[in-house]
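In: Sequence plus the predicted model coming up.
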2 protein chains.
Amino acid sequence: MYLVPSPPLDAEQERAVDVFRRADRFLLAGHVRPDGDCIGAQAALARVLLALGKEVTIVNPDPAEEQFDYLTRECSYRVFDGGALPAHDVACLLDISELERCGNLAEPLRSARSTKVVIDHHVFQGERWWDAAFLDVGASATGLLVYRVARALGVALDPVAAQGVFTSLVTDTGWFRYSNTDAETLAVASELVAGGVDPSRLFKAIFQRNDPRQPRAIAELLGRLEYSVDGRLAVVDWPLCNGTESALHDGDLVLDILRSVGPVEVVVFLRETEDGACKLSARSKGNYDVQALASEFGGGGHVRASGATIKGPLAEVRARVVAAAVARFDGATNGLVKPDRRRGRR
Amino acid sequence: MYLVPSPPLDAEQERAVDVFRRADRFLLAGHVRPDGDCIGAQAALARVLLALGKEVTIVNPDPAEEQFDYLTRECSYRVFDGGALPAHDVACLLDISELERCGNLAEPLRSARSTKVVIDHHVFQGERWWDAAFLDVGASATGLLVYRVARALGVALDPVAAQGVFTSLVTDTGWFRYSNTDAETLAVASELVAGGVDPSRLFKAIFQRNDPRQPRAIAELLGRLEYSVDGRLAVVDWPLCNGTESALHDGDLVLDILRSVGPVEVVVFLRETEDGACKLSARSKGNYDVQALASEFGGGGHVRASGATIKGPLAEVRARVVAAAVARFDGATNGLVKPDRRRGRR
């Protein structure tokens, strides 16, 4: 059986591994609203470093979602409360290269005298501010990079670390459905399953614990669906009066349903929040760049998945976002804005 | 990187491979309403045999779903019309061990003088009627068995064969989410992706071509949701008056949504058909055996996914199925039937 091995390390990655090998006290930090890749990569790296006899603390600006409790139960995740950082020699950022996206951790980390390391797979535009980095924008997940670090350190993943890496892989690849699902990702997943990770158990833990009100909330949301641009754009929104977020916790399921429609290329989902703003989630099935759309409204993300927080009441925000989304279709003929306004907006 | 190789062949499997090696004219047959595993395995085996210079015809009792047209375009799939079978030396059943489940092909195959081979991963209870067989009830998909056959024959998979095996793997494992997702399955998937298979393109082809009416149909269906047994049983139904099947083509999405609810252990979905019957789809998240439930109504399947066709109007069928489903919960306290009736039914 031919299988793709992980790529050899470059000199910068070797230096980062060396920091992990030599230092003693580690602080692992993540980004605001840490996702499955961030939490999974932290769990995996924490266990690898503990196996080497290091001291490790995980500190994030926000708590992990409950769906990852099988990891947070096993490692000591702390939410930074603004006090002093735990004593540490090395601060390692996972799944983020911009200190600014570490919320209330950013300033204390900046002024700490520790060695700074970054492990990340996101594109980074600014000036390199860290001491060492393990970067690969071609990697499907940060957890995959932690897997490579563990191999370079010669540490076998224990069951928690293996679940951490698997969590990273599945949450950042849409459970092996997105275009970042490559041979290495599946080969590592295979190795993790061979070592005892149970995919169906983790799927249940991560994605099958929704509130019983969820199906009716999805029904209500889908009832508000409107298509435009010949059915290529699907728009749904969730007004504040429809209830709290908990009833519609899992917006991803709705995005999945709308993307399953053949002609749909782009999905726009707007959710009104209590502080007079709207949260935009935009998804693309093909070449349409929703990152560019979100950046028009101060947000960001990836080409096929992006988001933004936009001030204003839902009706007004919706009109602006839909107009901008329509304008970005090549040769769009039946949008919600007139051609002249569209040209003006671009 | 440690990776699980496919297991060595047993003597029976070796004999089946020998039949593929020696014979010249092959007829590949599938079961009624061939699914992704059946169609994918047929495409893969057809291309492997063609690479060895054999003659191959694929014949099924029913046409393949349009979602698999990227395979059916590349291989000559025929729907059996009741005439004479194509001339062949070997008839190979894929994804089915029971000749009876081959619809109108069953009788002509039985009376044909060809050598009969079966490649399958389903449990088979009856007497072995074939000349040779490549069986493994532990395999996640029949396509995985075709992969092993190709390896034993020393044939590299061409792009169509690779897509065929990948299609089998993803359709029978719920895209690597079900409990049959093992290390070999993921290792083979990795190899296929390394060889050029594009997971996101295949996901789009198989699961993202739904009718634009689909989201509203899902909304309507979810609006009819009822829980019972403390929310452990979720029941939805689709009366005939709600419109044709095409508007609700992809019932799997609804089953996914209902299974995503934390307390839900079993989902029952009933759809009224035009011939005065109802189609039952039952899904289980855990140990509840929906195969046993379906078999009460003349159906079958697997422990976690089963179906049946039940004569009668929806309201009556629904009451019977829900009563039977409730009765199968251990210690169910708030069902729709009284304890004495429940005991009597078991």
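Out: Great, that's in hand.
In: which of the residues in the helix or strand hosting residue A:193 are buried?
Out: In this assignment (DSSP states H and E), residue A:193 forms part of helix A:183-194. For helix A:183-194, a neighbour-count test (16 or more other Cβ atoms under 10 Å in any protein chain shown) marks A:183, A:184, A:185, A:186, A:187, A:188, A:189, A:190, A:191, A:192, A:193, A:194 as buried. Bear in mind the C-beta positions are built from the backbone N, C-alpha and C, glycine included.
In: tell me what it is packed against?
Out: Secondary-structure packing of helix A:183-194 (3 or more Cβ pairs under 8 Å, 6 or more residues apart in numbering or on different chains; DSSP states H and E): helix A:142-153, helix A:159-172, helix B:183-194.
In: Save these as CSV, and put in distance to residue B:157 and mean pLDDT too.
Out: Formatted as CSV, the helices and strands packed on helix A:183-194 follow (distance: least, Cβ to Cβ, whole Å; pLDDT from 0 to 100):
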stretch, distance to residue B:157, mean pLDDT
helix A:142-153, 26, 97
helix A:159-172, 24, 98
helix B:183-194, 7, 96
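In: how about TSV for those helices, with distance to residue B:132 added?
Out: Output for those, formatted as TSV (distance: least, Cβ to Cβ, whole Å):
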stretch	distance to residue B:132
helix A:142-153	42
helix A:159-172	38
helix B:183-194	23
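In: just so I know, which of those lies nearest residue A:71?
Out: Taking Cβ to Cβ, helix A:159-172 is the member of these nearest to residue A:71, at 5.8 Å.
In: quick one: contacts of the helix holding residue A:193?
Out: Residues outside helix A:183-194 that contact it (Cβ atoms under 8 Å, 6 or more residues apart in numbering or on different chains) are A:3-7, A:139-141, A:144, A:147, A:157, A:162, A:165-166, A:169-170, A:173, A:176, A:199, B:1-4, B:176, B:181-187, B:189-191, B:193-194.
In: buried sites along the lengthiest helix in chain A?
Out: Using DSSP state H to define each element, chain A has its longest helix at helix A:36-51. By 16+ other Cβ under 10 Å, the buried positions in helix A:36-51 come out as A:36-50.
In: got the CA coordinates for it in CSV?
Out: Extracted in CSV, the C-alpha atoms of helix A:36-51 (Å, rounded to 0.1, in the frame of the first residue of the first chain):
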residue,chain,number,x,y,z
GLY,A,36,-12.0,22.5,17.2
ASP,A,37,-8.7,22.8,15.4
CYS,A,38,-7.3,25.2,18.1
ILE,A,39,-8.6,23.1,21.0
GLY,A,40,-7.5,19.8,19.4
ALA,A,41,-4.0,21.1,18.6
GLN,A,42,-3.6,22.4,22.1
ALA,A,43,-4.7,19.1,23.7
ALA,A,44,-2.3,17.2,21.5
LEU,A,45,0.7,19.5,22.0
ALA,A,46,0.1,19.6,25.8
ARG,A,47,0.1,15.8,26.1
VAL,A,48,3.2,15.5,23.9
LEU,A,49,5.1,18.1,26.1
LEU,A,50,3.9,16.5,29.3
ALA,A,51,5.2,13.1,28.0
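In: which secondary structure elements does that helix contact?
Out: In terms of contacts (3+ Cβ pairs under 8 Å, 6+ apart), helix A:36-51 is packed against strand A:25-29, strand A:55-60, helix A:69-72, strand A:90-94, helix A:142-153, helix A:159-172.
In: before we move on, the earlier item: closest to chain B among the buried residues of helix A:36-51?
Out: Nearest to chain B out of these is residue A:36 (Cβ to the nearest Cβ; 14.8 Å).
In: you'd agree the closest one is up against residue A:206?
Out: Yes: in this structure, residue A:36 is within contact of residue A:206 by Cβ atoms under 8 Å, at 6.9 Å.
In: ok, then the element right after the helix holding residue A:193?
Out: With DSSP H and E, the next secondary element past helix A:183-194 is helix A:199-207.
In: tell me the angle that following helix makes with helix B:183-194.
Out: Angle, helix A:199-207 to helix B:183-194, by axes from the mean of the first three to the mean of the last three Cα atoms, to 10 degrees: 80 degrees.
In: thinking again about what came up before, now the common contact residues for residue A:36 and residue A:206.
Out: Common neighbours of residue A:36 and residue A:206 (Cβ under 8 Å, 6+ apart) are A:67, A:68, A:167, A:170, A:171.
In: Compare those and tell me which is most surrounded.
Out: When neighbours are counted by other Cβ atoms under 10 Å in any protein chain shown, residue A:167 leads the shared contacts of residue A:36 and residue A:206 with 29 neighbours.
In: In this model residue A:36 seems to touch that residue, though I could be wrong.
Out: Yes: the pair residue A:167 and residue A:36 passes the contact test of Cβ under 8 Å, sitting 5.2 Å apart.
In: Identify the contacts common to these two.
Out: A:68, A:206.
In: Point out where chain A drops to low pLDDT.
Out: A:1-4, A:242-250, A:331-346 (pLDDT under 70).
In: how about the helices in it?
Out: Under DSSP H, chain A gives helices at A:11-22, A:36-51, A:69-72, A:106-111, A:142-153, A:159-172, A:183-194, A:199-207, A:214-223, A:251-259, A:290-296, A:314-327, A:339-345.
In: So which of those helices is nearest residue A:61?
Out: Taking these one by one with Cβ to Cβ, helix A:106-111 is closest: 8.3 Å.
In: now for that closest one, which elements pack on it?
Out: By 3+ Cβ pairs under 8 Å, 6+ apart, helix A:106-111 packs against no helix or strand.
In: tell me which residues in that helix are buried?
Out: Within helix A:106-111, the residues that count as buried by 16+ other Cβ under 10 Å are A:106, A:108, A:109.
In: ok, and what's touching it?
Out: In contact with helix A:106-111 (Cβ under 8 Å, 6+ apart) are residues A:29, A:80, A:84, A:85, A:91, A:93, A:99, A:100, A:102, A:116.
In: how about the third one, what does it touch?
Out: Residue A:84 makes contact with residue A:108 under the criterion Cβ under 8 Å, 6+ apart.
In: I'd like to know how far it sits from residue A:23.
Out: Look at residue A:84 and residue A:23: by Cβ to Cβ, to the nearest Å, they are 19 Å apart.
In: How many residues are close by the closest residue to residue A:157 other than its chain neighbours?
Out: Spatial nearest neighbour of residue A:157, excluding adjacent residues (Cβ to Cβ, 6 or more residues apart in numbering or on different chains): residue A:150 at 5.9 Å. By other Cβ under 10 Å, the residues close to residue A:150 number 23.
In: Dig out what residue A:77 forms beta bridges with.
Out: residue A:58 (DSSP bridges).
In: thinking it is in contact with residue A:58, fair?
Out: Yes: with contact defined as Cβ under 8 Å, residue A:77 and residue A:58 form a contacting pair (4.8 Å).
In: Neighbour count for the two, which is higher?
Out: In terms of neighbours (other Cβ under 10 Å), residue A:58 is the more surrounded of residue A:77 and residue A:58; the figures are 26 against 23.
In: quick one, what contacts the more buried one?
Out: Going by Cβ under 8 Å, 6+ apart, residue A:58 touches A:28, A:29, A:30, A:42, A:43, A:46, A:75, A:76, A:77, A:78.
In: Residue A:24 versus that one, what's the distance?
Out: Counting by Cβ to Cβ, the gap from residue A:58 to residue A:24 is 16 Å.
In: cool, and residue A:87?
Out: Going from residue A:87 to residue A:24 by Cβ to Cβ gives 10 Å.
In: Please look at residue A:80 and residue A:61 and confirm they touch.
Out: Yes: with contact defined as Cβ under 8 Å, residue A:80 reaches residue A:61; the gap is 5.7 Å.
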